[in-house]
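> Fold the following.
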Amino acid sequence: MPEGKGRILLISTTIFPLPPQGYSGTEYLVHKLAEGLASKGWQVSVVAPEGSQLLDGIELIPTPVGEAEESAWQRYRARMEQGEWNVILDASFQRWATMSSVGKDPELPIVNWLHTVPETYGSPPPLRYPMFVGISRSHAEHITHRLRVPARWVYNGIDTDFYRSDGRPRGGRYLFMGRYTSEKGVLEAILLAKRLKIGLDVYGDTNIIADAGYLKRCQQEADGYFVRTNPGVTRAATVELYSQAHGLLNLHRWLEPLGLVPLEAMACGAVPICTKEGGPAETIIHGTTGFLVSDDYEAEELIKRDAVREINPEVMRRHVEENFSLPKFIERWEFLLQRVLAGDRW
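Alright, predicted model coming up:
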């Protein structure tokens, strides 16, 4: 292993052990980044729930599953304040590492890796250098606009060795993959499929949801023939679903920070039809690796002409491999972290 490049503390959520058994995008990415940085010679410690499985050489600072993040912070607070690490990368929700620095403006750099919309926070932490990192250019611009602080971005990546078509014949049904929440546009996709009388299989977690009423309406609108609703599935199962889908239909209703699902679908040969706002406009090349739409009417026209058949799956996959693979993701993060260690602040 090469000489150590830096001593980093990666802070995950307290919800799922690493790697997550279900889909769980944030935890998946924290796990992959920890392994990637360790393989490149970084000394890596990770705050994550008990039961997490990490490579030899990566230290786990365990928390009980579901522990309050303030309590979890107490488990690494003293070591952080003693300077055991020379950079902190925080992917948690409440960001106690950052908030503990208010009024101190410490030399220890704390990088805030944001995976959701910045409206989650009423205001930025009152620090000279809040150091937010989004997951797309659009996301970083949204952070800056909402919180009035500079932001950088690093595109998320996927494992293109794992995400590849399994060779099964494609059926005639479209696929929706994502949370049962209004911002993901699940209900609109369901209603569109019913109106056009096309098959749509919907998959999303039914346990951790913000609005039980919204989930119930999605289930009620599903007729079991044209539209079928299903609970969440494992990552392995998503590969099977992408591989047999006619196309991906994800018509989100918010500024999507990035969207791992369209990347995974493209790598497996399922052509995405996505709303253009947010990250998908940076990951999908309209007419070449999928389609970007402004509204449901544009999506309807694409479905009516069966536009997904116009896309070459080899071109689509190569686009993902060259721009959004795990090696590219780790390379970009390592470059940014090295700049931080060299004194770069924002």
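
> Tell me the spacing between residue 148 and residue 167.
Per C-beta to C-beta, to the nearest Å, residue 148 is found 50 Å from residue 167. The way it works is simple: take the backbone N, C-alpha and C, and place the C-beta from them, glycine included.

> That should have said residue 275, apologies.
30 Å.

> Who has more neighbours out of the two?
residue 275 (25 against 7; other C-beta atoms under 10 Å).

> mind listing what that one touches?
Counting by C-beta atoms under 8 Å, 6 or more residues apart in numbering, residue 275 touches 185, 250-253, 256, 292-294.

> quick one: pLDDT of it?
Per-residue pLDDT puts residue 275 at 97.

> Which helix or strand in this protein has the lowest average pLDDT?
Lowest on mean pLDDT, DSSP states H and E among the helices and strands of the chain sits helix 96-99, with a mean of 88.

> tell me what it is packed against?
helix 69-74, strand 87-90, strand 110-113 (3 or more C-beta pairs under 8 Å, 6 or more residues apart in numbering; DSSP states H and E).

> Point out where the chain drops to low pLDDT.
1-4, 103-106 (pLDDT under 70).

> buried sites along stretch 310-319?
311, 313, 316-317, 319 (16 or more other C-beta atoms under 10 Å).

> Please state the offset of stretch 331-345 from the chain centre?
With C-alpha atoms, centre = their mean, to the nearest Å as the basis, stretch 331-345 stands 21 Å off its chain's centre.

> Name the residues that touch it?
Stretch 331-345 is contacted by residues 5-6, 8, 33, 36-37, 40, 42, 86-87, 89, 109, 111, 128-129, 131, 133, 152, 154-155 when judged by C-beta under 8 Å, 6+ apart.

> List the buried residues for that stretch?
333-334, 336-337, 340.

> List the residues that contact residue 67.
For residue 67, the contact set (C-beta under 8 Å, 6+ apart) comprises 14, 49.

> What is the three-state secondary structure of it?
Per DSSP: H, G, I helix; E, B strand; the rest coil, the secondary structure class of residue 67 is coil.

> what do you get for residue 217?
helix.

> Relative to residue 140, how far out is it?
With C-beta to C-beta as the criterion, residue 217 and residue 140 are 34 Å apart.

> Strands - which of the contacts of stretch 331-345 land there?
8, 87, 89, 111, 133, 152 (DSSP state E).

> okay, among the residues you listed, which ones form the most distant pair?
8 and 152 (16.7 Å; C-beta to C-beta).

> neighbour-wise, which of the two wins?
residue 8 (23 against 18).

> which stretches of the stretch 151-300 of the chain form helices?
Under the criterion DSSP state H, counting those that start in this stretch, the stretch 151-300 of the chain contains helices at 186-196, 212-221, 235-244, 260-267, 280-283, 296-304.

> Out of the ones you listed, which is the most enclosed?
helix 260-267 (a mean of 27; mean count of other C-beta atoms under 10 Å).

> got a list of contacts for it?
Outside helix 260-267, the residues touching it (C-beta under 8 Å, 6+ apart) are 25, 156, 158, 160, 163-164, 175, 177-178, 238-239, 242, 245, 248, 250, 271-272, 274, 280, 283-284, 289-290, 316-317, 319-321, 324.
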